[in-house]
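>>> predicted structure and sequence below. I'll ask about it afterward.
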Amino acid sequence: MAGRRNDGVLAIWAEAQRQQQRREEARWRAEAAQERQREREQREAQRAAARNEREAQRAYQQSREAEAARLTAELDSRVEELRGLLAAGLRAPAFGPQALLAPRPVPPFDPGPLGQAVAMPDQGGPKYHVPPPDQVQARNPGVRRQYEQYLAQARARFEQDWYAAQAQEADRQRRLAVYHQEYLAWAAQFRRQDEERAARTEELLRRLRAGEPEAVQEYFTAGLYASAAWPEGFPHRLVAAWEASARQLVVNWELPGPDVVPAASRVRYVKTDDREAEVARPATERKALYREVLAQSALRLAAELFRADRDGMLDSVVLNGFVLGIDPATGREAERFLSTLTASRAEFAGLALDRVVPVECFQGLGGKLSARPERLDEVRPDRLPEAVGGSLAGHGGEEDPDLFEMDPIEFEELIAELFRLRGFRVMTTARSGDVGVDVVAEDLDPVTGGKIVIQAKRYRKTVPPTAVRDLESTVRHHGANKGILVTTAGFGRGSYSYIEGKPLTLVSGPELVDLLAEQGLRGRLGGGAANDGKPAAAAAAPTDRHSSLTVSWQSRTAGGDAVELDVTAFLCAAGRVLSDEHFVFFNNPQDPDGAVRLHPTHSVPGEPSRAVRLTLDLERLTPKVDEVVVAVSTEEEEPPALPLGYVHGVALAATYGPGAAGPAQWAAGTGGVPDSAMLVGSFQRAGGGWQFSPSGRAVTNGLLGLAGAFGVAVE
């Protein structure tokens, strides 16, 4: 019995051990299954990542291949444009009396960002909403008082924001009204200039019908210069002469150089190097295409001339095509003639130009093409304009147009042509009504490219800082990458400081002339009787309506120019500066209205002296200003500032515009003066005009003392 009991205990123990073993085995199997699942998921994730990486790589390569295809398509499009040069000219309308006399529409007023009203705050909006307490909390006096306090604060915030928005809206409307008045003045000037242009054109057509050689030359050269549908990069410079006895017009016309034909035939993407590679266009193809361009240009010019000759003035034309290149005999740049053609009206009338092979047609008319135009090998012109005798007419020739006197639309077109020649895709907005932008350019570079808005301002005075600030707003409004302000004048130091770190570029008048010359375009800043041929700096001198103060001094220290003076002006009302922007000094060389301008320090010729000029257009001052105070102070770059005793006196030379009077010369002694600032004098309203009164009173603490005395906020 005992043995059987032991057997039963052992059986139970053995069964328990087997069950424990089975549980362990089940756990091990479960853990193994989980591990295998994790490994499967990890392998799947790795495969998915590799798959995504391959897809990303494939998508990237496809984008690069698409970019290469786009560049190839642009090359093909350019070649097609060159091959269709003659056809495009035949489709374009010919110039003629109707086109010359057609009035130009005045672009409508576009307020731009100023046309958008300031959004008024909404008292019911979340910014001013204060949630009321629940019913239980509302019975608590402390909670109720706190709620009423929050409610009062929200109302105060709303009223403050509302009044601020009302002030901004009033300022916007004021600026809009000023802008609209400027537009109306511009539109009136535009109409007057268009009427004057129409009158000049009527007179030209009258002289043309009378057979005056100068009128014939001017009519055809102006028409050719303005002819449309020429590809980008084609110059328009020409000179012509008309021989009345032979009824022949002789024209020298500038052609594009051999690089007008793309050097690459296509662009391919190289996956192994991850780069775009250009496939060179065969030299024979480039030469043949360039010869075709030369032949098409001559045929197109002849067609335009005969189509525009409504009165039968021309029996024949001589067309000499040239490029600017290096003359191997002299090593200097010269006109290299690559084509010449003499064509009669009768010969041309028998041609079906829309079906001819250009080179064969050109040579069939007796024209001569350079055998190696890519090397600028010349041909002998049949006849040159200077051989005709009499005067010559031309556009883009040696007599540069005065940019100050240029028609506004022509000036904008010139700026557009400048950027077009610099490789941008360009559209002018002069006829589209976009008053805020004159030219829109697109940089086609896939990395650095983008949209560029360009404003062109024919100013004789320094461009005010407000115009530069408006340019930044225009860039944002049009979603552009960059803004460029081009002017015939210049910019103050404040404008250059303002654009630092911003996508803005300023192009002054002298810089504009240089850029035009780089692209073979012509333009000058004044000249002739207006400013005796002086450069742009002289052209910016004050006009008859301006008053001018020139403050000069001489250093007592060794070296002669060791001491510099800062000239400042305070535009005051009741003895206090109107605002910080009405404090004119080296960092703010012009007030917001452009009435008072500070010009840079310069040396007095032949003397160890320095001088600063301040110009004042007193008629432009806001009525709130009743006094303009002029002062000087020694520079404070290394405090303490030197006393005025280091300066050999301060001299003033003045000229006064209409409504202003005062002494023409004045001087103040500075010997032994311990202070570093001095009041030179002030313009004060006197009846209907202004009177300048010299002062000479010393002021302590230099420029800071001056600023504090007239209420300028100094941080």
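Received it, and whenever you're ready, just let me know what you need.

>>> can you report the mean pLDDT over the residues of stretch 122-131?
For stretch 122-131, mean pLDDT is 86.

>>> pull the CA atoms of that stretch into CSV?
What follows is stretch 122-131 as a C-alpha-only set of coordinates in CSV (Å, rounded to 0.1, in the frame of the first residue of the first chain):
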residue,chain,number,x,y,z
ASP,A,122,-13.3,93.2,-34.4
GLN,A,123,-14.5,93.8,-30.9
GLY,A,124,-16.3,90.4,-31.0
GLY,A,125,-13.1,88.6,-32.0
PRO,A,126,-11.2,86.2,-29.9
LYS,A,127,-8.5,88.8,-29.1
TYR,A,128,-10.9,90.9,-27.1
HIS,A,129,-13.3,88.1,-25.8
VAL,A,130,-13.4,87.5,-22.1
PRO,A,131,-15.3,84.4,-21.1
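
>>> list the buried residues of that stretch.
residue 128 (16 or more other C-beta atoms under 10 Å). Every residue, glycine included, has its C-beta placed from N, CA and C.

>>> what does it rub up against?
121, 147, 150, 151, 154, 155, 157, 158 (C-beta atoms under 8 Å, 6 or more residues apart in numbering).

>>> how about the contacts made by the last one?
Read it as residue 158. Residue 158 makes contact with 121, 123, 128 under the criterion C-beta under 8 Å, 6+ apart.

>>> and which of the residues you listed is nearest residue 480?
residue 121 (30.5 Å; C-beta to C-beta).

>>> pLDDT at residue 532, what is it?
33.

>>> may I see the domains of the chain written out as residue ranges?
212-395, 408-518, 542-709 (automatic domain parsing).

>>> need these in CSV (columns: distance to residue 24).
Formatted as CSV, the domains of the chain follow (distance: least, C-beta to C-beta, whole Å):
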stretch, distance to residue 24
domain 212-395, 56
domain 408-518, 65
domain 542-709, 86
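
>>> tell me the spacing between residue 191 and residue 109.
14 Å (C-beta to C-beta, to the nearest Å).

>>> follow-up on the earlier one: same list (the contacts of stretch 122-131) but as CSV, adding secondary structure and distance to residue 73.
CSV is the format used below for those (DSSP: H, G, I helix; E, B strand; the rest coil; distance: C-beta to C-beta, whole Å):
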residue, secondary structure, distance to residue 73
121, coil, 52
147, helix, 68
150, helix, 64
151, helix, 66
154, helix, 60
155, helix, 63
157, helix, 58
158, helix, 58
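
>>> nearest the geometric middle of the protein, what residue?
residue 484 (2.4 Å; C-alpha atoms, centre = their mean).

>>> that one touches residue 511, doesn't it?
No: the pair residue 484 / residue 511 is not scored as a contact, 11.2 Å apart, by C-beta atoms under 8 Å.

>>> okay, helices next: where are they in the stretch 601-715 of the chain?
Secondary structure of the stretch 601-715 of the chain (DSSP state H, counting those that start in this stretch): helices at 702-709.

>>> strands of that one, start to end?
In the stretch 601-715 of the chain, the segments counted as strands under DSSP state E, counting those that start in this stretch are 602-603, 609-616, 627-634, 647-655, 660-661, 665-668, 677-686, 689-694, 698-699.

>>> repeat that for the stretch 101-250 of the chain.
Along the stretch 101-250 of the chain, the segments classed as strands by DSSP E, counting those that start in this stretch run 238-243, 248-254.

>>> quick one, what contacts residue 258?
Contact analysis of residue 258 by C-beta under 8 Å, 6+ apart lists 286, 290, 373, 374, 376.

>>> can you check residue 335 too?
252, 322, 323, 324.

>>> for residue 324, list each beta-bridge partner.
Per DSSP bridges, the residues bridged to residue 324 are residue 335.

>>> for residue 419, see how far away it is.
20 Å.

>>> more crowded one of these two?
residue 419 (22 against 15; other C-beta atoms under 10 Å).

>>> now do the same for that one: its pLDDT.
85.

>>> now for it: which residues touch it?
Residue 419 neighbours (C-beta under 8 Å, 6+ apart): 426, 439, 441, 452, 454.

>>> what about the helices in the stretch 301-450 of the chain?
345-349, 358-364, 408-421.

>>> to residue 211, which of those helices lies closest?
Comparing the helices of the stretch 301-450 of the chain by their distance to residue 211 (C-beta to C-beta), the top pick is helix 345-349, with 16.8 Å.
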